[in-house]
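[1] Show me the folded form of this:
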Amino acid sequence: MHPRISINSSCFRGASWQELSAAINALGVERVSFAGTVPDPAIMRPVVETGGLRLESIVHPFLYGRQLDEGSAVIAEEQEKLSQVIGLVASLQGGSIFLSTGGRGALSWEQAAETFSEAIAPSIAEAEAAGVLLMVENTPQLYADVTITHTLRDTIILAEMAGIGVCLDVFSCWTEAGLDQLIVRAMPRCYLIQVNDYVHGDRSYPCRAVPGDGAIPLRRIFELALTAGYRGVFDLEMSGPRIDAEGHLPAARRGVEFIWDTLHSLGV
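    This is a model prediction of the structure:
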């Protein structure tokens, strides 16, 4: 299987580590990433160590459900939690962590971005020393209580301010104006691209579809990213009624095949 494809655990939401390992191995993929409010080390470790998979990335709920105007004591507590997660990812030889930022509270976006940048600064050197990359990702606005990055543009600006990377979720940015230019700008610090699709008419979240089933111009996005120098992994991240109805494994198999075929057609 293509070495630049990974499977996000959200494709098999609720699976035990044995089920997750078996499914990913059945797909022939070597890399796994973990989503969830708090990724469970009791699942992560055996999937990587026993399942023989490489840990690509995890999400860490930095300041999840907290607000950036809550003060230094809350931030210090979150820094300590992140330090532990950096150690865990390093022990599993993982590649990266993508973070929530906390909500803005009563702050302006600019004030919140400055506060987050200051909050994350002590963790950057620690992560670099451990060989772990830190990122922020673009997320839908309904997560305004847990993050301030709701467009690719804002995600890039925050990443540049904070000195960290970008996780690019195509689902949450494909309709943005100037997308081509934003993708090019993001690539020097983009460490992960999350791949999924959207079918016109779906209205409730989560409503992600198998890549190729919907309206997102995925091949063009792949080509833009690769031409701009992207060297990272394409992470299949899907959940929602369409995935549940088809079956998690069949949906994931089609998603992997789409990514493989697209990369192959682009000469990668």
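[2] burial measure for the closest residue in space to Gly214 that isn't next to it in sequence, as a count.
    Once flanking residues are discounted, Gly214 sits nearest to Asp197: 3.6 Å by CB to CB, 6 or more residues apart in numbering. Heads up, the C-betas are built off the backbone N, CA and C, glycines and all. Neighbourhood size, Asp197 [other CB atoms under 10 Å]: 22.
[3] Kindly list the main-chain dihedrals of Asp197?
    phi -150, psi 170 (degrees, to the nearest 10).
[4] Quick check: it vs Ser172, distance?
    According to CB to CB, to the nearest Å, Asp197 stands 12 Å off from Ser172.
[5] what's the single longest helix in this structure?
    Looking across the chain with DSSP state H, the single longest helix is helix 109-130.
[6] which parts of it are buried?
    Neighbour-count burial for helix 109-130 flags 112-117, 119-120, 123, 126-127 (criterion: 16 or more other CB atoms under 10 Å).
[7] What is it packed up against?
    Applying 3 or more CB pairs under 8 Å, 6 or more residues apart in numbering; DSSP states H and E, one finds that helix 109-130 makes contact with helix 72-91, strand 133-137, helix 152-162.
[8] and these as CSV, adding distance to Gly51, mean pLDDT and mean neighbour count?
    Supplementary listing: the helices and strands packed on helix 109-130 in CSV, determined by distance: least, CB to CB, whole Å; pLDDT from 0 to 100; neighbours: other CB atoms under 10 Å:
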stretch, distance to Gly51, mean pLDDT, mean neighbour count
helix 72-91, 16, 94, 16
strand 133-137, 22, 97, 24
helix 152-162, 31, 98, 20
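[9] Quick check: which of these is nearest to Ile5?
    For the helices and strands packed on helix 109-130, distance to Ile5 was read as CB to CB. The smallest value, 18.4 Å, belongs to strand 133-137.
[10] got the CA coordinates for that closest one in PDB?
    This file holds the C-alpha atoms of strand 133-137, laid out as PDB (Å, rounded to 0.1, in the frame of the first residue of the first chain):
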ATOM      1  CA  LEU A 133       5.500  18.200  15.400                       C
ATOM      2  CA  LEU A 134       2.700  20.400  16.800                       C
ATOM      3  CA  MET A 135      -0.100  21.600  14.600                       C
ATOM      4  CA  VAL A 136      -3.500  23.400  14.600                       C
ATOM      5  CA  GLU A 137      -6.300  22.400  12.200                       C
END
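[11] what sits up against it?
    Residues outside strand 133-137 that contact it (CB atoms under 8 Å, 6 or more residues apart in numbering): 57, 95-99, 101, 120, 123-124, 127, 147, 149, 155, 158-159, 162, 164-169, 172, 191-192, 194.
[12] could you give me the average pLDDT of the host helix or strand of Asp261?
    Per DSSP states H and E, Asp261 falls inside helix 248-265. Throughout helix 248-265, pLDDT has a mean value of 97.
[13] ditto for stretch 42-51
    86.
[14] what about that stretch, distance to the chain center?
    Stretch 42-51 sits 19 Å away from the centroid of its parent chain (CA atoms, centre = their mean, to the nearest Å).
[15] Look up how far Val47 lies from Met238.
    18 Å.
[16] So which residues of the stretch 151-268 of the chain form strands?
    165-169, 190-195, 233-236 (DSSP state E, counting those that start in this stretch).
[17] and the second one, what does it pack onto?
    The contact analysis (3+ CB pairs under 8 Å, 6+ apart) places strand 190-195 against strand 54-60, strand 96-99, strand 133-137, strand 165-169, helix 218-227, strand 233-236.
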